[in-house]
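Undergrad: Please find the sequence and the predicted model below.
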Amino acid sequence: MGVFLRVHLSIFVIEAFFIAFGWWFIFRKDQKPLDQEGYKVISSQFRRFTYKELERATGNFKDELGRGGSGLCVHRLLVSEFVENGSLDKALFDGRSAIGNVLRWNERFKIALGVAKGLAYLHHSCLEWVIHCDVKPENILLDREFEPKIADFGLAKLLQRGGATANLSRIRGTRGYIAPEWASSLPITGKVDVYSYGVVLLELVKGLRVSEWLVKEEEHVSVALKRLAKLLREKLESGERSWVSEFVDARLNGDFSYPQAKVMVELAASCMEEERSKRPSMYSVVQDLLSSDSEANSLAVHSL
C-alpha cells in the first residue's frame, strides 16, 4: 500500500510540473520583449507616479495642452526632457531660475551661443531646413546647466534642402521679434529667425524686454527697434568703449566680459538689419561668438 501511494504521488508531482511548465511556456512565447514593443526598462532611480497623481496632474487626463494666438493645442502624448531652469523669459526678466538669482554673464553668453548653434543647425544641417518663425525668450528652455533648448515649433516652416524661401499666407511670430519682411509680400527665409535672434541677444545683454526699456509712448515696437539698430551702428562706428558697459544689465554690477558684450551688441545690430541680405547667417554668428569667447579667455589668462 505504501509503495502504491508513493508511485501515485510521484506521478502527480511530475504531471503538475509539466502542466506548470506548459502554461509558462505558452504565455512566455506569446509575450513580446519590451524592446520590441518600443519600451525600454528604466532604472529605479526615476520616480514612479500613481494613477491618482497622473490624473490630478493632467486634469483628469485632459488632452488639451494649451491655448495660444493660433488656436488650441491638443495631442495624445507630450514627452520632453525636463528643464530645471524653465524658460529664458522667467530666468532673465524675473530671476526665476532654479538658482533664484539674476542670470550671471557666463550663463547669458552660454545661452546666446547655444541658441545660435541650434538655429544654425535648423537652417543649414537638418534633412529638411527649418525656419522656426517664433524665436523669443519664452521659447528658449534652460536645463540644469543653463544649456538652451529651442522649443515650440508650432509656427515653424519646413524647406526642402536647397530651397531658399517659403511663401506664407500670414504673419507668424510675436510682436517685438518679427522681422520687417513679414509685413511685405516677400517670400520668407531663415533670416526672419536671424532678426528675432538679434532682439533676443539685446535682451540677454540688457536684461530687460525691448518693449519695456526702448519703446516710447505710442511708438510701434518695430519703429523703436529700427531706431535702436541705427543707434547701435553709430556707437560701434564711433569706436567708443564706455557705452557698451552702460548698455549691459546694471544688475550684474560690472561683472561681465567686455569682448563678449561688444560682439553680442555688434551681432544684434547686424542681425536686426532692415535689409535681410545684410544680416549674417547663423553659422557666421556662431563663429563670431566663439571668437569673442576665445578673446575673453585669453584676456583672463593674461590678467592673472
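TA: Received the coordinates, thanks.

Undergrad: quick one, helices of the stretch 1-150 of the chain?
TA: Here the stretch 1-150 of the chain has its helices, by DSSP state H, counting those that start in this stretch, at 2-30, 51-57, 88-93, 105-124.

Undergrad: end-to-end on stretch 272-281?
TA: One end of stretch 272-281 sits 12 Å from the other (CA to CA, to the nearest Å).

Undergrad: Need the contact partners of that stretch.
TA: 120, 123-124, 179-181, 189-192, 194-195, 198-199, 202, 225-226, 228-229, 267, 270-271, 288 (CB atoms under 8 Å, 6 or more residues apart in numbering). C-betas here are computed from N, CA, C, even on glycine.

Undergrad: Low-confidence stretches in the protein?
TA: Counting by pLDDT under 70, the chain shows low-confidence ranges at 1-13, 17-18, 21-47, 63-80, 95-100, 160-171, 216-219, 295-304.

Undergrad: now Pro137: how far from Tyr177?
TA: Separation of Pro137 from Tyr177 (CB to CB, to the nearest Å): 9 Å.

Undergrad: the more surrounded of the two?
TA: More neighbours surround Tyr177 than the other of Pro137 and Tyr177, with 25 against 21 (other CB atoms under 10 Å).

Undergrad: ok, that one to Val83 distance?
TA: For Tyr177 relative to Val83 (CB to CB), the value is 21 Å.

Undergrad: now swap in Arg279 and tell me
TA: If you measure Arg279 against Val83 using CB to CB, the figure is 29 Å.

Undergrad: And these two? Which one has more around it.
TA: Arg279 (25 against 18).

Undergrad: How much space separates that one from Gly190?
TA: 9 Å.

Undergrad: do the same with Glu203
TA: 21 Å.

Undergrad: Neighbours of Val130, how many?
TA: For Val130, the neighbour count with other CB under 10 Å is 21.

Undergrad: same thing with Glu145?
TA: Neighbour number of Glu145 under other CB under 10 Å is 9.

Undergrad: For Trp105, the count of nearby residues, please.
TA: 20.

Undergrad: actually Leu208, not the one I typed
TA: Leu208: 16 surrounding residues under other CB under 10 Å.

Undergrad: Next up, the contacts around it.
TA: Neighbouring residues of Leu208 by CB under 8 Å, 6+ apart: 93, 249.

Undergrad: ok, now Leu92?
TA: By CB under 8 Å, 6+ apart, the contact set of Leu92 is 103, 108, 137, 203-204, 207.

Undergrad: next one: Ile178
TA: 171, 192, 195-196, 222.

Undergrad: re the thing from before, so of the contacts of stretch 272-281, which ones are in strands?
TA: Among these, none falls in strands (DSSP state E).

Undergrad: Give me the packing partners of the helix or strand containing Ser245, helices and strands only.
TA: According to DSSP states H and E, Ser245 maps onto helix 242-247. Helices and strands touching helix 242-247, by 3 or more CB pairs under 8 Å, 6 or more residues apart in numbering; DSSP states H and E, are helix 258-271.

Undergrad: What residues sit buried inside the helix it packs on?
TA: By neighbour count with 16 or more other CB atoms under 10 Å, helix 258-271 contains the buried residues 258-271.

Undergrad: tell me which strands and helices that helix is in contact with?
TA: helix 105-124, helix 191-206, helix 221-238, helix 242-247, helix 282-302.

Undergrad: Would you mind getting the angle between the first one and helix 191-206?
TA: With axes from the mean of the first three to the mean of the last three CA atoms, to 10 degrees as the basis, helix 105-124 and helix 191-206 are set at 180 degrees to each other.

Undergrad: got the angle for helix 105-124 vs helix 258-271?
TA: Helix 105-124 runs at 40 degrees relative to helix 258-271, counting by the same axes, to 10 degrees.

Undergrad: Okay, buried residues for helix 105-124 please.
TA: 105, 107-123.

Undergrad: again, but for stretch 237-254
TA: Those would be 244, 247-249, 252, for stretch 237-254 by 16+ other CB under 10 Å.

Undergrad: could you redo the residues you listed as JSON lines and give each row distance to Thr58?
TA: What follows is the buried residues of stretch 237-254, written out as JSON lines (distance: CB to CB, whole Å):
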{"residue": "Val244", "distance to Thr58": "48"}
{"residue": "Phe247", "distance to Thr58": "45"}
{"residue": "Val248", "distance to Thr58": "43"}
{"residue": "Asp249", "distance to Thr58": "38"}
{"residue": "Leu252", "distance to Thr58": "40"}
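
Undergrad: out of the residues you listed, who's nearest Ala156?
TA: Nearest to Ala156 among the buried residues of stretch 237-254 is Asp249, at 30.1 Å by CB to CB.
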